[in-house]
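Colleague: take this sequence and fold it.
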Amino acid sequence: MSADPLPRKALGRTGLSVTTVGIGTAWIGLTSPMEGTTERHLDEDLGIATIHAALEAGVRFIDTAALYVNSRAERIVARALALRPDLAADTIVETKCCRLPGGSDYSDEGTLRSVAGSLERLGVSRIELIYIHDPPKEALSAVLGQHGALAALRRLQSEGVLGHIGIASNDPIDNTPYIESGEFAVAVVPDAYSLLSQIALERIFPAAERFGMGIVVATPLERGMLATGVRGSTGEHYARRFAPEVLARVGQIEDVCRAHGGTILEAALQYVARHPVVAASIPGARSPAEARANADAVRRPAPDALWTDLAPLIQTWDIVAR
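Modeller: Take a look at the predicted model:
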């Protein structure tokens, strides 16, 4: 474990500073990457140990949600922080509301219930960063309207219960109009920016720049592919299937990284944080070793020559094999 602090960036106009790599908890404590938000194979002690490893390695940014691990992820985060108050003091936790294992509710009352549940599970009286989770683009008017989720969150914000309000949708097509509305201070952006995807450059990042939003990139490792690469890997641990041409390109990227004395994991996590609007990425970790590796990957800045050599290889792919 290194005692060196991790690099930090400002999170948009929030006034907050976050470590450029955080830890995502969508699969925290799950021993199988394919179990999603179910409780099967859930090992809470493993989840706590994984969070502790991230914090001990310098991470001070945790992403969770009411949905994750059947609403157990927030409790795991709370337990982990309670056991290590020395590390919890300057750690920022962000969570998401309105989507739970039983379904989604973006109404005023549904939002208030969701936030109340998160406050209880996290064991706190204030949430610094909260995101409306996965609203469809067709619901934009209702979510942003007088009786929708945003209005309810604004009231809680005025009461000091919430700090900053954001949007987080797993589908970039759904995420984009909410980001372009200018109503949010922050956004979690999955499946849109990595060494294998440039979708966010089209509309999401320009809107974020226009409104001074802070961006947190989710899935920066493309479900494991950019953590290990393809050289000598069976691919059995990847949580999605990849087309053959994508695997070939990842091999090329990996070779360039090795030529510069680095790894594809280092390149993947440092690449996303190089964009001016991106404050951090939140790769998921399912073990203490993965949490430590993610933190260590951003400690040593890659040489400028690496980015020059990688530039021709970076493009958007139809990642999942059909």
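
Colleague: please, where are all the helices along the chain?
Modeller: 44-56, 68-71, 73-83, 85-88, 108-122, 140-144, 149-158, 172-180, 204-211, 225-228, 244-259, 264-273, 288-296, 304-310 (DSSP state H).

Colleague: just put these in TSV and tack on mean neighbour count.
Modeller: Where you see a C-beta, it was placed from the backbone N, CA and C, and this is true even at glycine. Listed next are the helices of the chain as TSV, based on neighbours: other CB atoms under 10 Å:
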stretch	mean neighbour count
helix 44-56	21
helix 68-71	22
helix 73-83	21
helix 85-88	12
helix 108-122	18
helix 140-144	17
helix 149-158	19
helix 172-180	20
helix 204-211	18
helix 225-228	23
helix 244-259	16
helix 264-273	24
helix 288-296	21
helix 304-310	14
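
Colleague: and the pLDDT at the closest residue to residue 80 other than its chain neighbours?
Modeller: Excluding the flanking residues, the one nearest residue 80 by CB to CB, 6 or more residues apart in numbering is residue 51, at 3.9 Å. Here the pLDDT value assigned to residue 51 is 98.

Colleague: offset the numbering so it begins at 581, please.
Modeller: Taking 581 as the first residue, the last one we looked at is residue 631.

Colleague: contacts for stretch 848-859?
Modeller: Under the criterion CB atoms under 8 Å, 6 or more residues apart in numbering, residues 587, 589-592, 598, 600-601, 773-775, 785, 788-789, 793-797, 800-801, 806-807, 860-861, 863, 874, 877-878, 881-882, 887, 890, 894 lie in contact with stretch 848-859.

Colleague: scratch that, stretch 773-781 is what I was asking about
Modeller: So stretch 773-781 is in contact with 752, 769, 771-772, 784-785, 795, 797, 799-802, 805-806, 826, 829-830, 833, 844, 847-848, 851-852, 855, 858, 890, 893-897, 899, going by CB under 8 Å, 6+ apart.

Colleague: the helices of the chain: which one's closest to residue 607?
Modeller: Of all these, helix 648-651 sits nearest to residue 607, with 7.4 Å by CB to CB.

Colleague: only C-alpha atoms, please: export that closest one in CSV.
Modeller: The C-alpha atoms that make up helix 648-651 are tabulated as CSV, following Å, rounded to 0.1, in the frame of the first residue of the first chain:
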residue,chain,number,x,y,z
TYR,A,648,-27.5,-1.9,-5.9
VAL,A,649,-27.3,-5.4,-4.4
ASN,A,650,-31.0,-5.4,-3.6
SER,A,651,-30.5,-2.2,-1.6
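
Colleague: and that helix, how far out from the chain middle?
Modeller: Centre-to-centre, helix 648-651 and its host chain are 16 Å apart (CA atoms, centre = their mean, to the nearest Å).

Colleague: what packs against that helix?
Modeller: Helix 648-651 sits against no helix or strand, with contacts defined as 3 or more CB pairs under 8 Å, 6 or more residues apart in numbering; DSSP states H and E.

Colleague: quick one: average confidence on it?
Modeller: Helix 648-651 comes out at a mean pLDDT of 94.

Colleague: can you tell me what sits against it?
Modeller: 605-610, 617-619, 622, 627, 654, 656, 680-681, 697, 701.

Colleague: from the residues you listed, which land in strands?
Modeller: Under the assignment DSSP state E, the contacts of helix 648-651 contribute residue 680 to strands.

Colleague: picking that back up, let me have the helices of the chain in JSON lines, extended by distance to residue 745.
Modeller: Listed next are the helices of the chain as JSON lines, based on distance: least, CB to CB, whole Å:
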{"stretch": "helix 624-636", "distance to residue 745": "25"}
{"stretch": "helix 648-651", "distance to residue 745": "19"}
{"stretch": "helix 653-663", "distance to residue 745": "18"}
{"stretch": "helix 665-668", "distance to residue 745": "23"}
{"stretch": "helix 688-702", "distance to residue 745": "11"}
{"stretch": "helix 720-724", "distance to residue 745": "11"}
{"stretch": "helix 729-738", "distance to residue 745": "5"}
{"stretch": "helix 752-760", "distance to residue 745": "11"}
{"stretch": "helix 784-791", "distance to residue 745": "13"}
{"stretch": "helix 805-808", "distance to residue 745": "30"}
{"stretch": "helix 824-839", "distance to residue 745": "35"}
{"stretch": "helix 844-853", "distance to residue 745": "23"}
{"stretch": "helix 868-876", "distance to residue 745": "27"}
{"stretch": "helix 884-890", "distance to residue 745": "34"}
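
Colleague: before we move on, back to that, buried ones among the contacts of helix 648-651?
Modeller: 605-610, 617, 622, 627, 654, 656, 680, 701 (16 or more other CB atoms under 10 Å).

Colleague: any idea which of these is closest to residue 640?
Modeller: Lowest distance from residue 640 to the buried ones among the contacts of helix 648-651 (CB to CB) belongs to residue 605, with 14.7 Å.
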